[in-house]
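Peer 1: Sequence first, then the predicted structure:
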Amino acid sequence: MDDAGNGVVRRAVAGFLAGAVSVLVFHQGVWAGFHAIGIMPPPFPTAPVPPYGVPRVYDLCFWGGVYGLIFGLLLPVLPSRGIWLQGIVLGLVAELGALFLVPEIKGLPMAFGGSLPIILISTAINGAWGLGVGLFIPLVVPGGATRRLRSA
């Protein structure tokens with residue numbers, strides 16, 4: 001594989017890893033904070049998710065990784081400054097998916113049935129996850145340089 005192909009793979013892998021790790025640290029960390037004040041169930045949920053019955057936290061890590069992979073692939077076209085802010089935007093894009101796409105696929109009410117408290121909690125959790133992606137992605141590439149990711 002040529003250098004350009006290696007760069008694409010590097011960005012994809014870095015994005016996936018950053019997205020998955022950010023679920024465990026940022027997404028579930030904020031979830032734990034909400035649990036501590038009594039408004040969320042315990043973090044790291046293990047209830048099985050259809051169709052394969054994997055624990056929910058694994059499912060969240062997988063989909064966080066998928067969104068992170070896309071983010072990694074888009075790095076060359078994103079502005080070169082403020083990757084953490086771009087990560088927050090990624091989290092808000094993921095939130096839009098949680099509000100409108102996922103419910104459509106699963107036959108559930110969109111936007112959590114219009115419950116503003118649930119929408120706000122979900123937005124905070126997904127925004128924190130996106131911030132984590134923006135902070136982690138430069139760290140999972142040898143040398144830790146976002147510039148190397150962008151130019152690859």
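Peer 2: That came through fine.

Peer 1: which ones are touching the residue nearest the centre of the chain?
Peer 2: Central residue of the chain (CA atoms, centre = their mean): Gly64, 3.7 Å from the mean position. Residues in contact with Gly64 (CB atoms under 8 Å, 6 or more residues apart in numbering) are Gly19, Ala20, Ser22, Val23, His27, Ala94, Trp129, Val133. C-betas here are computed from N, CA, C, even on glycine.

Peer 1: Identify the farthest-apart pair in the residues you listed.
Peer 2: Ala20 and Ala94 (13.2 Å; CB to CB).

Peer 1: More neighbours: the two, which one.
Peer 2: Legend: neighbour count by other CB atoms under 10 Å for Ala20 and Ala94, higher for Ala94 (29 against 22).

Peer 1: of the contacts of Gly64, closest to Phe112?
Peer 2: Ala94 (14.6 Å).

Peer 1: Could you say which helix or strand holds the closest one?
Peer 2: Assigned by DSSP states H and E, Ala94 belongs to helix 83-96.

Peer 1: Can you point out the buried residues in whichever helix or strand comes after that helix?
Peer 2: Downstream of helix 83-96, the first helix or strand assigned by DSSP H and E is helix 102-106. Buried residues in helix 102-106, counting neighbours by 16 or more other CB atoms under 10 Å, are found at Pro103.

Peer 1: what about Pro42, which SS state?
Peer 2: coil (DSSP: H, G, I helix; E, B strand; the rest coil).

Peer 1: Let me know whether it touches Gln28 as I believe.
Peer 2: No: if you go by CB atoms under 8 Å, Pro42 and Gln28 don't touch, sitting 9.9 Å apart.

Peer 1: Who has more neighbours out of the two?
Peer 2: More neighbours surround Gln28 than the other of Pro42 and Gln28, with 22 against 10 (other CB under 10 Å).

Peer 1: Tell me the spacing between the more buried one and Pro41.
Peer 2: Gln28 sits 12 Å away from Pro41, going by CB to CB, to the nearest Å.

Peer 1: Surely Phe136 is in contact with Leu24?
Peer 2: No: using CB under 8 Å as the test, Phe136 is too far from Leu24 to be in contact (10.4 Å).
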